[in-house]
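1. When you get a sec, could you give me coordinates for this:
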Amino acid sequence: MTDITGKRVAFLLTDGFEDSELTSPWQAVTDAGATAVLVSPVDGSVSGKNGHEQTVDLAVASADASQFDALVLPGGVVNADNLRMDDTAVSFARDFFAQHKPVGVICHGAWILADADVLNDRTITSYPSLKTDLRNAGANWVDEEVVVDAGLVSSRTPDDLPAFNAKVVEEIAEGAHADQTV
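-> Modelled structure (predicted):
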């Protein structure tokens, strides 16, 4: 297994996330030695659509991308739609691209990247219903299990989590990517 000991990984989400899209990547990065931090626009805790609850570690209004080595954006329609409407969350996500840091996004989580305006000429996958939105944001959308584009890791659904997790950990281990920009 790839070792990412000492790395800090932000997980940005709010209520309504797809439970396994938080818990599985969280487990993967912590098993590989990283510290996972739940960042959210809500206080207290967040609830997944299937009942998983997790304590918020840091308010997104207080979060700074320079304090982290990577970002993971779980999906879930409600979660993703609410995050893309939160200007502070969008800015936080954009900052990872500006700082050339790895970003992992799965399912509907990619919506925030459209609003962050970081998808121009990038190849990405997602839940199929986002295809038009992501293409309209300038992305080259493909239907594949996992896609890596200069530090941006994307997958379609919870079925893709094993491949997604492996690539996220790999990209975090590689560190900054010069082509990971806004």
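
2. Check the gap between the residue nearest to residue 12 when sequence neighbours are not counted and residue 152 for me.
-> Among residues not flanking residue 12 along the chain, residue 39 sits closest, at 5.0 Å (C-beta to C-beta, 6 or more residues apart in numbering). C-beta coordinates here come from the backbone N, C-alpha and C atoms, glycine included. Note on residue 39: its distance to residue 152, by C-beta to C-beta, to the nearest Å, is 18 Å.

3. and the next element down the chain from the helix or strand that contains the residue nearest to residue 12?
-> Element membership of residue 39, judged by DSSP states H and E, is strand 35-40. Sequence order places strand 45-47 as the next helix or strand after strand 35-40, per DSSP H and E.

4. So in that sheet, which strands flank the strand holding residue 39, and in what orientation?
-> strand 8-12 (parallel), strand 58-59 (parallel) (DSSP bridges).

5. who wins for proximity to residue 170 among the ones you listed?
-> Among these, the nearest to residue 170 by C-beta to C-beta is strand 8-12 (13.1 Å).

6. what distance separates the closest one from the middle of the whole chain?
-> With C-alpha atoms, centre = their mean, to the nearest Å as the basis, strand 8-12 stands 8 Å off its chain's centre.

7. Next, the buried residues of that strand.
-> Neighbour counts over strand 8-12 (16 or more other C-beta atoms under 10 Å) mark 9, 10, 11, 12 as buried.

8. Just want the angle from the helix or strand that that strand is followed by to strand 35-40.
-> For strand 8-12, the following helix or strand on the C-terminal side (DSSP H and E) is helix 19-31. If you take axes from the mean of the first three to the mean of the last three C-alpha atoms, to 10 degrees, helix 19-31 sits at 150 degrees to strand 35-40.

9. Outside of the strand holding residue 39 itself, list whatever touches it.
-> Residues outside strand 35-40 that contact it (C-beta atoms under 8 Å, 6 or more residues apart in numbering) are 7-14, 26, 29-30, 46, 54-60, 63, 68, 92.

10. And the strands paired with strand 35-40: which comes nearest residue 127?
-> Closest to residue 127 of the strands paired with strand 35-40 is strand 8-12 (C-beta to C-beta; 17.4 Å).

11. As PDB, could you dump the C-alpha coordinates of the closest one?
-> Provided in PDB are the C-alpha atoms of strand 8-12 (Å, rounded to 0.1, in the frame of the first residue of the first chain):
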ATOM      1  CA  ARG A   8      -3.600  16.100   5.600                       C
ATOM      2  CA  VAL A   9      -6.700  15.500   3.500                       C
ATOM      3  CA  ALA A  10      -9.700  17.700   3.500                       C
ATOM      4  CA  PHE A  11     -13.100  16.100   2.900                       C
ATOM      5  CA  LEU A  12     -15.600  18.900   1.900                       C
END
